[in-house]
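Trainee: Pasting the sequence and the predicted model now:
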Amino acid sequence: MITIDGSEGEGGGQVLRYAAALSLLTGEPFTIAKIRGGRAKPGLMRQHVTAIEAAAAVGSAECSGLAVGSTELTFRPGAVMPGEYHFAIGTAGSTALVVQTVLVPLMLADAPSRIVIEGGTHAASAPPFEFLAHTLLPVLARMGPRLSVTLERHGFFPRGGGRIVLEIAPAPLAPIACIERGAFRSGKVEALIAGIPFDIADRELKAARKVLADWPEDAFGPVQLPADHGPGNALLITAECDHVTEVMSAFGQIGIPAERLAKTAAKRMAGYLASGAFAGPYLQDQLLLPFAMAGAGAFTTVKLSEHTRTAAALIARFTGREFAFNEDAEGRLLASLG
């Protein structure tokens with residue numbers, strides 16, 4: 001039984017999600033205390049409960065202490081069972097974070113799976129649907145599995161109500177090296193609005209254009225969604241390069257000017273493009289688990305995040321495999337295993 005202090009490292013829900021995925025992959029049970037101990041409101045929220053319910057369902061696991069507000073639980077995995085699953089978060093909690101809990105175990109299962117998840121698709125503190133579809137899954141597909149995700153309905157905070165469908169055709173994971181991202185091909189900035197004034201999208205696009213001044217004017221545009229998908233707003237900044245597509249995002253919040261959100265997201269994209277690295281700040285920690293299960297691999301990235309440090313530490317505890325993080329000849333951070 002592996003014992004985990006949920007307040008250490010990143011100190012949030014990632015500790016729990018990564019531990020559950022690793023438990024399914026290794027067969028090692030774990031107990032965790034001080035769940036989300038690094039957050040202002042510790043304990044499980046609805047999206048964390050759904051993520052562990054999903055892990056327990058696909059992994060035939062026994063789990064005690066699983067309830068909203070709980071700060072301790074024990075997870076005992078069984079055999080991973082591919083198939084058709086439907087999980088409803090019931091809030092605007094992130095569908096993408098539920099995906100990240102079960103994705104790698106099902107990529108290594110012995111049959112295909114189809115997962116329907118309902119909840120938030122575009123909400124703060126989580127990757128949007130577009131990150132899954134255009135950034136993460138295409139990279140993982142190079143390792144062998146066939147992966148696709150479909151957005152059937154947008155879900156914004158606080159209403160939720162979004163729906164995505166993930167399809168996984170598993171395969172043994174082949175190590176890959178993601179060192180060069182290649183030449184920049186095209187950029188796109190979209191301001192999604194649903195049930196809110198159009199002026200918000202216009203202000204976001206103008207602010208982003210000031211930062212990404214070398215992008216063509218036709219790369220910036222609003223996307224008007226049906227009012228009943230909202231109220232909600234998301235700014236999506238996409239950079240397509242030869243070997244990877246990166247997505248930066250910002251989400252409308254009451255009390256925070258649209259210009260500030262857009263400027264921050266655009267600066268993150270500009271910083272990523274200037275770095276020359278393959279993986280941006282949100283992709284880096286998502287590559288560690290599949291690379292660990294492949295037994296080898298490498299990628300260049302930007303400054304190491306606390307999420308990545310936490311993920312690497314958990315992988316070492318469950319598998320004994322340790323990543324090395326060093327600066328390469330181009331000044332980029334190189335993460336390598338094996």
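Mentor: Perfect, I can see it now. Residues are numbered from 1 along each chain as shown.

Trainee: Got the domain ranges for this protein?
Mentor: By the assignment in automatic domain parsing, the chain contains the domains 1-80, 82-174, 184-272, 276-338.

Trainee: Mean pLDDT and mean neighbour count for those domains - can I get that in TSV?
Mentor: (Each C-beta comes from the backbone N, C-alpha and C, glycine too.) As requested, the domains of the chain are exported to TSV (pLDDT from 0 to 100; neighbours: other C-beta atoms under 10 Å):
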stretch	mean pLDDT	mean neighbour count
domain 1-80	94	19
domain 82-174	95	21
domain 184-272	96	18
domain 276-338	94	19
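
Trainee: What's the first helix or strand after whichever strand or helix holds Glu240?
Mentor: In this assignment (DSSP states H and E), Glu240 forms part of strand 232-241. Next helix or strand after strand 232-241 toward the C-terminus (DSSP H and E): strand 245-251.

Trainee: Now do the contacts for the residue lying closest to Asp228 once chain neighbours are set aside.
Mentor: Distances taken as C-beta to C-beta, 6 or more residues apart in numbering place Gly195 nearest to Asp228, at 7.3 Å, with adjacent residues excluded. Contact analysis of Gly195 by C-beta atoms under 8 Å, 6 or more residues apart in numbering lists Ala227, Asp228, His229, Gly230, Pro231, Gly232.

Trainee: Going by distance to Pro175, which of those residues wins?
Mentor: Each of those was checked against Pro175 using C-beta to C-beta; the closest is Gly232, at 39.4 Å.

Trainee: Which is the succeeding secondary structure element to the helix or strand encompassing Gln286?
Mentor: Gln286 belongs to helix 284-294 when elements are defined using DSSP H and E. Sequence order places strand 297-301 as the next helix or strand after helix 284-294, per DSSP H and E.

Trainee: Closest one to Glu130 out of the contacts of Gly195, please.
Mentor: Comparing the contacts of Gly195 against Glu130 with C-beta to C-beta places Gly232 closest, at 14.4 Å.

Trainee: Wait, that closest one touches Ile200, no?
Mentor: No - shown here, Gly232 and Ile200 do not form a contact pair, counting by C-beta atoms under 8 Å, at 10.4 Å.

Trainee: Remind me what the helix or strand that contains Ala270 packs against, helices and strands.
Mentor: According to DSSP H and E, Ala270 maps onto helix 258-275. Packing partners of helix 258-275 (3 or more C-beta pairs under 8 Å, 6 or more residues apart in numbering; DSSP states H and E): strand 184-194, helix 198-211, strand 232-241, strand 245-251.
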